[in-house]
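Undergrad: The following block contains a protein sequence and its predicted model.
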Amino acid sequence: MLVIRAVVFVVAAYLIGTFPTAQIVGSRIGRDPTKEGSGNPGASNVWRLGGRRAGIIVAVVDGLKGAVPVLIALALSGRPLAHAVWVAAVIGHVWPVTRRLRGGKGVATAGGGGLAISPLVGLGCAALFLVVVKTGRVAALGSLSIAIAYPILSAAVGRPAWEVGVGALVAAILVVRHQSNIRRMIGHSEVPG
C-alpha cells in the first residue's frame with residue numbers, strides 16, 4: 001500500500017510539473033514563449049516578452065507546482081517521499097511528456113519545492129538569487145548560483161547526506177538545462193534580465 005501511494009504521489013507530481021504556465025500566460029498576452037525570445041517557456045522569457053506582471057505570475061505558479069506537491073507529501077508521508085515528489089515535479093516541468101519533452105529550465109519549480117522542503121535553505125537561495133541578478137543583471141547566472149548553493153547550504157545546516165544528494169540531483173538537472181546559457185555567458189552574449 002505504501003509503495004502504491006508513493007507511486008501515485010510521484011506520478012501526480014510529475015503531471016503537475018507539466019502544467020504549461022508560460023504558454024497559458026503567454027497566450028493571454030498574445031505571445032508564444034516557445035517561439036519568441038529565448039524560446040524557453042519560463043518566467044524570465046515571459047517577463048521579457050510580456051512584462052513584469054506576466055513574468056511574476058509564471059514564476060509564482062511554477063513555484064507552486066513544486067511547493068504544493070511537496071507540502072502534501074510532507075504532511076501525509078514525510079521527507080523521503082517529499083524529496084521524490086520534488087524531483088518528479090521538476091522533471092515534469094523540464095521534460096513534459098505532454099509537450100514532447102520540451103519544457104522549461106525548472107528553476108521556479110525547483111525553488112518552490114526546495115523552499116517547502118527546507119525553508120531556511122530556500123530563503124537563503126532566494127536572497128542569493130536576488131543579489132546575483134541585481135548585480136549581474138543575468139537571470140541565468142542567478143539560477144545557476146542557487147542551483148549550486150542549495151546542496152551546499154543543505155549540508156551546512158546539517159541535513160542528512162541523502163537529502164543533500166537529492167538537492168545535488170536537482171541542481172544537476174538545472175545546470176544541464178542551462179547549458180545554452182552557460183555557453184552564451186562564456187561568449188558574453190547572454191541576454192540581461
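TA: Cool, the structure landed.
Undergrad: List the residue ranges of the chain that fall below the pLDDT cut-off.
TA: Confidence mapping of the chain against pLDDT under 70 gives the ranges 190-193.
Undergrad: for the longest helix anywhere in the chain, packing partners?
TA: Ranked by residue count and defined by DSSP state H, the top helix of the chain is helix 52-76. On a contact count with 3 or more Cβ pairs under 8 Å, 6 or more residues apart in numbering; DSSP states H and E, helix 52-76 meets helix 2-17, helix 21-28, helix 43-50, helix 79-94, helix 107-117. Where C-beta positions appear, they are placed from N, C-alpha and C, glycine not excepted.
Undergrad: After the last one, heading C-terminal, what element do we hit next?
TA: Yep, that's helix 107-117 we're talking about. Counting by DSSP states H and E, the next helix or strand C-terminal to helix 107-117 is helix 119-136.
Undergrad: Which positions within stretch 75-82 qualify as buried?
TA: 77, 79, 81-82 (16 or more other Cβ atoms under 10 Å).
Undergrad: Mind putting those residues into TSV with distance to residue 100?
TA: Putting the buried residues of stretch 75-82 into TSV (distance: Cβ to Cβ, whole Å) gives the following:
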residue	distance to residue 100
77	32
79	33
81	29
82	29
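Undergrad: quick one: which of these is nearest to residue 26?
TA: The nearest member of those to residue 26, counting by Cβ to Cβ, is residue 82 at 30.6 Å.
Undergrad: Hmm, the closest one is touching residue 70, no?
TA: Yes - contact criterion Cβ atoms under 8 Å: residue 82 and residue 70 qualify, at 5.0 Å.
Undergrad: Mutual contacts of these two, please.
TA: 116-117 (Cβ atoms under 8 Å, 6 or more residues apart in numbering).
Undergrad: what's the distance between residue 147 and residue 175?
TA: Remark: distance between residue 147 and residue 175 (Cβ to Cβ, to the nearest Å) = 6 Å.
Undergrad: Just want to know which of those two has more residues nearby.
TA: Using other Cβ atoms under 10 Å, the more surrounded residue of residue 147 and residue 175 is residue 147, with 27 against 16.
Undergrad: in the chain, which residue is closest to the centre?
TA: residue 107 (2.7 Å; Cα atoms, centre = their mean).
Undergrad: Could you measure from that residue over to residue 2?
TA: Distance from residue 107 to residue 2, by Cβ to Cβ: 32 Å.
Undergrad: now swap in residue 120 and tell me
TA: 29 Å.
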